[in-house]
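Undergrad: Give me a model of this one.
(one chain, ligands or ions: 1)
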Amino acid sequence: MLYELLKTVHVLSIVLWVGGMLFAHFFLRPAVAALEPPVRLRLMHDVLGRFFQAVLVAALLTLGSGIWMLGRVAKQVVQSGGSFQMPLAWTVMATLGVLMVVIFMHIRFALFKRLRGAVNAADWSAAGAALQKIRRWVGVNLSLGVVVLVVTLLRQA
Ligand code: HEM
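TA: Numbering: from 1, shown residues only. Below you'll find the model as predicted:
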């Protein structure tokens, strides 16, 4: 029961994280592109600030629940006398998942901080440059997330 609960938390966190990136990248960004820089950059700063707060929780939940599930399965296998061999799809998920968390921390604690400083100083060219970098890294994380989902969900096909 606990395992199923953690798997649900794991997948719901991914839905929020990957779904939010998809929305920001493909729907929000093109829609605000026509706005004047001060309006656009303030709006994106506000939206991303709220989104990244939720993603910080989701990323930690994804990592924590994923590691817990791995440990639980490994322990059960070892306790019943076997040796634990991590399935390839799980190895891909765990490796790329940790990479996604690291990239997110860079986005949140380096690039977004830069965006916040520039917006507060009304330095729109620096804010635009920071947002451009955020966009690029969110694109990378979105691609990694989709790869992990495809590999994980197709592993039994
Ligand atoms: C951060 C490191 C991660 C670890 C250690 C991890 C580990 C795990 C483990 C052990 C399971 C249970 C698999 C099972 O019982 O069949 C699982 C399920 C799952 N994970 Fe992860 N995961 C991580 C990140 C991610 C990421 C980044 C995604 C997607 C972008 C993801 C998507 C999923 C999905 C969709 C399932 C459910 C698979 C199913 O029931 O068929 N995980 N994860």
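
Undergrad: Does the helix or strand containing Leu131 reach the ligand?
TA: Per DSSP states H and E, Leu131 falls inside helix 124-154. Yes. Helix 124-154 reaches the ligand (C-beta under 6 Å from any ligand atom) through Gly145, Val148, Leu149, Thr152. C-betas here are computed from N, CA, C, even on glycine.

Undergrad: what's the closest non-adjacent residue to the residue nearest the centre of the chain?
TA: Geometric centre of the chain, nearest residue: Trp17, 4.9 Å, by C-alpha atoms, centre = their mean. Excluding the flanking residues, the one nearest Trp17 by C-beta to C-beta, 6 or more residues apart in numbering is Ala58, at 4.6 Å.

Undergrad: Can you work out which other helices and strands pack against the helix holding Leu131?
TA: When contacts are defined as 3 or more C-beta pairs under 8 Å, 6 or more residues apart in numbering; DSSP states H and E, helix 124-154 sits against helix 2-23, helix 37-79, helix 88-106, helix 112-120.

Undergrad: try it again with 10 Å
TA: Helices and strands touching helix 124-154, by 3 or more C-beta pairs under 10 Å, 6 or more residues apart in numbering; DSSP states H and E, are helix 2-23, helix 29-32, helix 37-79, helix 88-106, helix 112-120.

Undergrad: Just the CA atoms of the shortest one, as CSV, please.
TA: Taking C-alpha atoms only, helix 29-32 is exported to CSV below (Å, rounded to 0.1, in the frame of the first residue of the first chain):
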residue,chain,number,x,y,z
ARG,A,29,5.9,31.8,-24.0
PRO,A,30,4.6,32.3,-27.6
ALA,A,31,1.4,34.0,-26.3
VAL,A,32,3.4,36.7,-24.4
